[in-house]
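Undergrad: Build me a structure from this.
(one chain, ligands or ions: 2)
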Amino acid sequence: MADLVQEEKVIDETRQGDAVVLESGEREKKLYIESYGCQMNFSDSEIVASILEKEGYGTTRNMEEADLVLLNTCSIRDKAEQTVRKRLTSFNKIKEEKPEMRIGVLGCMAERLKSKLLDEEKLVDMVVGPDAYRDLPNLVKEVDAGRKAVNVILSKEETYADVNPVRLGSNGITAFVSITRGCDNMCTFCVVPFTRGRERSRNPETIVEECVELWNKGYKEVTLLGQNVDSYLWYGGGLKKDFEKASEAAKATAVGFAALLEKVALAVPGMRIRFSTSNPQDMLDEVLHVIAKYENICNYIHLPVQSGSSRILELMNRGHNREEYMALIDRVRRIIPGCGISHDMITGFPTETEEDHQETLSLMEYVKYDFGYMFYYSERPNTFAARKMEDDIPLEVKKRRLTEIIDLQQKHSLESNRAYIGKTEEVLIEGSSKRSEEDWFGRTTQNTVVVFPKANEKPGDFVKVMIKDCTAATLLGERVDE
Ligand code: SAH
Ligand code: F3S
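TA: Ligands and ions are numbered 1, 2, ... in the order given. Have a look, this model is predicted:
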């Protein structure tokens, strides 16, 4: 059990954290929506709430009063799916008392298991994949009419570009804006290309509009979201893989990630801009130069690596080796001095030896990441690794290696945070600290959490904070006037 807890010992709760229940205003019918997994799921839940708002649904935090209960699910590791199953079972207990309540499963598990959760396991009334949310009003009616409601069709075009998300559970300061959907990378361990479909990009004009609208509403930070933001490519719509077939005119006016980032930075100069997730094989130096050029683009890159061993990286189909990754890190450090860098790492991928594991540790020593999200390998059905490789690393070995990388990361995070002591940092205040109402919680441009005593500031203010102390996860400071 302790080890399981350790898997969760990730440093940022928004990445792979606990379920979050979201709520908006009063409406005639009540929707309860719970989201698991990545930021994209949280962003999708806001799209779902917007689609259902037009049907008269307002969100509630109290499941028992809901007419419609939706679970936006994650399939990335087996444990994520187990959590959702337990949740669905407990929802069904409540439904026994309240049979008119509808239960639906959304997201990656819906896509992966299709009608199985409905037909065989009888856990839900409705199964809706990530590209079928516009069909939700229809599907609810189907259930009401006593019919099966399943839509798991993956789309070539859907980006929900015109849906204005209902900002749920929002602090009013930071928001997610999705820019791509799906992923074409086919990392051999990863279920995402199967559950979220082929990669497509969203019209840049609608992205810019959404950011401007957020700014006008008082938001101070946006995170542009995609499974692989560096691969963003708008050429008038359609799948990324069909770009070659586009007309010469469409190709000539295509917008890549660097250009998109620049457009957003210019459109909302007072807004902090973040993006996630970057992919080493697709990240161009052009992007690094844009980050360096614009004050409002945060100096922080989440750059998953998964392993420090070139042999394992090849088996994972990551498209780069250890040396190429290190060279990219060198360029980041040169072009954006002081840039915060974080990672994702997997231990115990099939055939991983102690030498491979040592290479992971030595890569971490080389980069000295500011923080990281670390997992042990979980075989996912249908992936290349599941079909062609044996999951041959014993669980105790996976967990022991995971503990070693987590311990090393904790040491590096602490060192990285200690280096801030005595410095003055600009912090965007996001809200009160979870631990104490007397303190504010905010972040530096490098995405490091800062906690400091409240005076007369308010959320959304940019303030200068002198760092006095730290833990591995948090900087502690005091506000200073310039
Ligand atoms: N590009 C995506 C990756 C999504 S998955 C993004 O936007 O972050 C997030 C992380 O989960 C991956 O980077 C990887 O470290 C981890 N992961 C994915 N599949 C996994 C598996 N089968 N077992 C363990 N960890 C996995
Ligand atoms: Fe998964 Fe690799 Fe895409 S980790 S989301 S297939 S970049």
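Undergrad: I figured Glu157 hits Gly238, correct?
TA: Yes. In this structure, Glu157 is within contact of Gly238 by C-beta atoms under 8 Å, at 6.7 Å. In this view, the C-beta of every residue, glycine as well, is placed from N, C-alpha and C.
Undergrad: residues from this structure in reach of ligand 1?
TA: 38, 76-77, 189-190, 192, 227-228, 277, 304, 306, 344, 346, 375, 377-378, 380 (C-beta under 6 Å from any ligand atom).
Undergrad: Restricted to helices, list the residues you listed.
TA: Per DSSP state H, helices hold the following members of the residues of the chain next to ligand 1: Val192.
Undergrad: Okay, now the unreliable bits of the stretch 351-482 of the chain?
TA: 482 (pLDDT under 70).
Undergrad: Of all residues in it, which one is closest to ligand 2?
TA: Thr383 (9.1 Å; C-beta to the nearest ligand atom).
Undergrad: Could you double-check that that residue lies in contact with Arg112?
TA: No. The pair Thr383 / Arg112 is not scored as a contact, 10.8 Å apart, by C-beta under 8 Å.
Undergrad: I'd like the distance from the helix or strand Ile47 falls within to the chain centre, please.
TA: Ile47 belongs to helix 39-53 when elements are defined using DSSP states H and E. Computed by C-alpha atoms, centre = their mean, to the nearest Å, the chain-centroid distance of helix 39-53 equals 14 Å.
Undergrad: what element comes up after that helix heading to the C-terminus?
TA: Helix 39-53 is succeeded, C-terminally, by strand 57-59 (DSSP H and E).
Undergrad: Moving C-terminal from that next one, which element do we reach first?
TA: Past strand 57-59, the next helix or strand by DSSP H and E is strand 68-73.
Undergrad: What are the buried residues along stretch 237-247?
TA: 237-240, 246 (16 or more other C-beta atoms under 10 Å).
Undergrad: Just give me the closest of the residues you listed to Thr253.
TA: Nearest to Thr253 among the buried residues of stretch 237-247 is Ala246, at 10.1 Å by C-beta to C-beta.
Undergrad: next one: phi and psi at the closest one?
TA: Main-chain torsions, Ala246, degrees, to the nearest 10: phi -70, psi 160.
Undergrad: Without its sequence neighbours, what residue ends up closest to it?
TA: If the residues on either side of it in the chain are set aside, Ala246 comes closest to Tyr235, at 4.9 Å by C-beta to C-beta, 6 or more residues apart in numbering.
Undergrad: Ala254 is in contact with the one you found, correct?
TA: Yes. Between Tyr235 and Ala254 there is a contact under C-beta under 8 Å: 4.2 Å.
Undergrad: got the domain boundaries for the protein?
TA: 10-151, 174-418, 424-479 (automatic domain parsing).
Undergrad: Can you give me the neighbour number for His302?
TA: 22 (other C-beta atoms under 10 Å).
Undergrad: can you give me the offset of the lengthiest helix in the chain from its chain's centre?
TA: As assigned by DSSP H, the longest helix anywhere in the chain is helix 395-418. In terms of C-alpha atoms, centre = their mean, the centre of helix 395-418 is found 21 Å from the chain centre.
Undergrad: pLDDT score assigned to the residue in the stretch 201-350 of the chain that ligand 2 sits nearest to?
TA: Per C-beta to the nearest ligand atom, Gln227 is where the stretch 201-350 of the chain lies closest to ligand 2, at 3.9 Å. Gln227 carries a pLDDT value of 96.
Undergrad: Equivalent analysis for Ala252, please.
TA: 91.
Undergrad: contact partners of stretch 89-97?
TA: 63-64, 69, 71, 101, 103, 123 (C-beta atoms under 8 Å, 6 or more residues apart in numbering).
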